[in-house]
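[1] Here is a sequence with its predicted model. Questions after.
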Amino acid sequence: MKKFKERYLSSEIEFEVIDDYTQEWGLSDTEDTLREYLGLNDEEEDAWISIGDDALKEILDNQK
């Protein structure tokens, strides 16, 4: 299964789908952290947690 980040960067999905991935992770029995499940690195996760969705989206958009 492709991670959120990989699918977003290849324009397969919109950014807002991150909410669906987060919910799926919460209901799953995976041992992955949310960061791992989404395919984010530490910097991306830190921006997302400390600043919010807009900061993460901007970081990811700069990688497209």
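    All right, it came through fine. These numbers were taken from a predicted model, which means no experiment stands behind them.
[2] Show the pLDDT at Glu44.
    Per-residue confidence (pLDDT) for Glu44: 98.
[3] Quick check: chain neighbours aside, which residue is closest to Val17?
    Phe4 (6.9 Å; CB to CB, 6 or more residues apart in numbering). For the C-beta atoms, the positions are set from N, CA and C on the backbone; glycine is no exception.
[4] same check, this time on Asn41
    Nearest in space to Asn41, with sequence neighbours left out and distances taken as CB to CB, 6+ apart, is Arg35 at 7.8 Å.
[5] one step back: contacts only, for the residue nearest to Val17.
    Neighbour list for Phe4: Ile13, Val17, Ile18, Tyr21, Tyr37, Leu38, Gly39, Leu40 [criterion: CB atoms under 8 Å, 6 or more residues apart in numbering].
[6] okay, now Gly26: neighbour count?
    9 (other CB atoms under 10 Å).
[7] check which helix or strand covers it.
    Taking DSSP states H and E as the criterion, Gly26 maps to helix 18-27.
[8] buried stuff in that helix?
    Ile18, Tyr21, Trp25 (16 or more other CB atoms under 10 Å).
[9] give me phi/psi at the residue nearest to Val17?
    phi -50, psi -50 (degrees, to the nearest 10).
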